[in-house]
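1. Task: produce atomic coordinates for the following.
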Amino acid sequence: MTYRKATIRSFVPPDEPLLFGLASLDRGADRRTLAVLERETVFVAEVEGAPAGYVALERTGDAVRVDQLFVSPAHE
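-> Predicted coordinates for the structure are as follows:
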């Protein structure tokens, strides 16, 4: 497999339908996925300008927990 560098950036609202669609292709995204994208701190990974996955972080007190981590099958 050829190495491709990913760029990590903050989630922006227009990302929601695309990330939900990517998650749906792999594992059947649901209402919980939408809730996570709307309320948690989300970072998007892009490869060659296209979303390749995301990580959703949930803060509880002084701790930060990875709630969801998704990598598109095309980029695994």
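2. I'd like to know which elements the helix or strand harbouring Gly53 is packed against.
-> Under the criterion of DSSP states H and E, Gly53 resides in strand 50-60. In this structure, strand 50-60 makes packing contacts with helix 16-27, helix 31-39, strand 41-47, strand 63-71, judged by 3 or more CB pairs under 8 Å, 6 or more residues apart in numbering; DSSP states H and E. For glycine as for every other residue, the C-beta is placed from the backbone atoms N, C-alpha and C.
3. Can you tell me which of these is nearest to Ala6?
-> Ranking the helices and strands packed on strand 50-60 by proximity to Ala6 (CB to CB) places strand 41-47 first, at 4.6 Å.
4. Could you measure from the most centrally placed residue in the chain over to Asp62?
-> Residue closest to the average C-alpha location in the chain (CA atoms, centre = their mean): Tyr54, at 1.9 Å. Distance, Tyr54 to Asp62, using CB to CB, to the nearest Å: 24 Å.
5. again, but for Ala23
-> Taken as CB to CB, the span from Ala23 to Asp62 is 29 Å.
6. neighbour-wise, which of those two wins?
-> Ala23 (21 against 5; other CB atoms under 10 Å).
7. helices and strands around the lowest-mean-pLDDT helix or strand in the chain, which ones?
-> The weakest-scoring helix or strand in the chain, judged by mean pLDDT, DSSP states H and E, is helix 16-27 (a mean of 75). Packed against helix 16-27 by the contact rule (3+ CB pairs under 8 Å, 6+ apart) you find helix 31-39, strand 50-60, strand 63-71.
8. Most tightly packed of those?
-> Most buried of the helices and strands packed on helix 16-27, by mean neighbour count (mean count of other CB atoms under 10 Å): strand 50-60, with a mean of 16.
9. pLDDT on that one, on average?
-> The pLDDT scores in strand 50-60 average 91.
10. what angle sits between that strand and helix 16-27?
-> Angle of strand 50-60 versus helix 16-27, following axes from the mean of the first three to the mean of the last three CA atoms, to 10 degrees, is 90 degrees.
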